[in-house]
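Novice: missing the sequence, but the structure's below:
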C-alpha cells in the first residue's frame with residue numbers, strides 16, 4: 001500500500017484511527033507492522049509531524065530475532081505481547097508457530113518442540129528443540145543442566161536490600177493466581193539492584209528454581225511489584241508493558257557436555273525510566 005501522509009501534529013494511534021478501526025490499529029502496533037518514515041514503530045503515543053509517512057506492512061513470517069541456531073536448537077528473543085505457545089483463541093500468533101514457519105522455509109518437514117515458556121508479556125530468551133530426542137534429553141535433566149536463568153525486572157518502589165536471596169513456598173489457586181503458602185513448592189530467587197530512583201528499581205534476577213510466576217510473586221511480596229503487573233499489585237506502568245525481560249540463559253548439553261550461554265540486551269524502555 002502507499003504510505004499515508006500526516007497532515008497535522010498528532011499521536012500515531014489517533015492518526016491511524018482515521019483509516020482503521022481500533023482493533024486493527026492495536027494489532028498492527030502489537031505485531032510491528034506500523035512503519036513511521038521507514039522505521040518500525042510500536043508506541044501508540046509516538047508524536048507524528050506534518051509530512052511524516054506512515055505505512056502498514058505485511059507481518060513478517062517470524063517477526064522474531066533469531067539469537068542462535070544449529071542442527072538441534074533454535075534460540076529466539078521473544079517480544080513482549082507474544083504467547084510462547086497456543087492458548088485460548090490465539091493459534092497462529094505465537095512464538096512456537098512463528099519458529100515453525102521459519103524452519104519450514106528451508107525444510108517443509110521441519111518440526112519444532114517446546115522446551116520452556118515465557119509469559120505472554122515477558123520478553124527475552126526462549127529456546128526450542130528441532131527434534132524429539134534432544135527435547136526429551138533436555139527436559140529430563142532440565143533442573144540439573146541449566147546453569148543460568150537471568151532476568152531484568154523493572155519494579156515499583158525500592159527493594160529492601162541491594163542484594164539478597166528470597167526463599168518462598170508457592171501454590172496456585174483455581175483461578176491461576178500464584179500465592180505464598182507454607183505447604184507450597186519451594187521457590188528460590190536471588191536479586192541484585194542495578195539502578196534505583198524515588199519511584200522505581202531496576203534489578204537483576206536469578207532463578208534457582210523455576211516456579212510459575214515466581215519472580216512476579218516474590219517481588220510483590222517485597223512490596224516492589226513489577227511495573228505493569230496488575231495481577232500482583234502494580235499500580236503504575238511507565239513503559240506500557242510488563243517490566244520483565246529474560247536476558248540470559250545457559251545450560252550444559254546432556255550428551256556433548258558443551259556449555260551454551262545466550263544473552264539478550266536490556267530493553268531500552270527499562271532504562272529510559274531512569275533518564
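Specialist: Structure's in. What do you need? Just so we're clear, the structure is a prediction, and the values are computed from it rather than from any experiment.
Novice: Contacts made by the helix or strand hosting residue 153 with the rest, please.
Specialist: Secondary structure assignment for residue 153, by DSSP states H and E: strand 146-156. With contact meaning C-beta atoms under 8 Å, 6 or more residues apart in numbering, strand 146-156 is reached by 122, 124, 191, 194, 199-207, 210, 215, 219, 224-227, 234-236, 239, 243-252, 259, 261, 266-267, 270, 273. In this view, the C-beta of every residue, glycine as well, is placed from N, C-alpha and C.
Novice: what's the answer for stretch 80-88, then?
Specialist: With contacts defined as C-beta under 8 Å, 6+ apart, stretch 80-88 is touched by 30, 63, 78, 90, 93-98, 114, 117-118, 120-123, 126, 241-242, 245.
Novice: Check stretch 239-246 too.
Specialist: By C-beta under 8 Å, 6+ apart, the list of residues contacting stretch 239-246 reads 43-44, 78, 80-81, 118-119, 121-126, 149-155, 215-216, 226-229, 264, 266-267, 269-270, 272-273.
Novice: one step back: of the contacts of stretch 80-88, buried ones?
Specialist: Among the contacts of stretch 80-88, the ones that count as buried by 16 or more other C-beta atoms under 10 Å are 30, 63, 78, 93-98, 114, 117-118, 120-123, 126, 241-242, 245.
Novice: out of the contacts of stretch 80-88, which are inside helices?
Specialist: Among the contacts of stretch 80-88, the ones falling in helices (DSSP state H) are 30, 95-98.
Novice: For those residues, which two are the farthest from each other?
Specialist: The span of the ones in helices among the contacts of stretch 80-88, defined through C-beta to C-beta, is set by 30 and 96 at 17.3 Å.
Novice: Can you check what pLDDT the model gives the nearest residue to residue 208 once chain neighbours are set aside?
Specialist: Among residues not flanking residue 208 along the chain, residue 188 sits closest, at 3.7 Å (C-beta to C-beta, 6 or more residues apart in numbering). If you check residue 188, the pLDDT there is 96.
Novice: Isn't residue 188 up against residue 170?
Specialist: No. The pair residue 188 and residue 170 does not pass the contact test of C-beta atoms under 8 Å, sitting 10.8 Å apart.
Novice: Please identify which of those two sits among more neighbours.
Specialist: The neighbour count for residue 188 versus residue 170, taken as other C-beta atoms under 10 Å, is higher for residue 170 (20 against 16).
Novice: Quick check: which element contains the residue nearest to residue 197 when sequence neighbours are not counted?
Specialist: In this structure, residue 197 finds its nearest non-sequential neighbour in residue 274, 5.7 Å apart by C-beta to C-beta, 6+ apart. Following DSSP H and E, one finds residue 274 outside all helices and strands.
Novice: What of residue 247?
Specialist: Using DSSP H and E, residue 247 sits within strand 244-252.
Novice: which is the next helix or strand following that strand?
Specialist: The C-terminal neighbour of strand 244-252 among helices and strands, as given by DSSP H and E, is strand 259-263.
Novice: Can you give me the buried ones in that next one?
Specialist: The neighbour-count check on strand 259-263 (16+ other C-beta under 10 Å) flags 260, 262 as buried.
Novice: just checking, what packs against it?
Specialist: When contacts are defined as 3 or more C-beta pairs under 8 Å, 6 or more residues apart in numbering; DSSP states H and E, strand 259-263 packs onto strand 65-69, strand 123-129, strand 146-156, strand 244-252.
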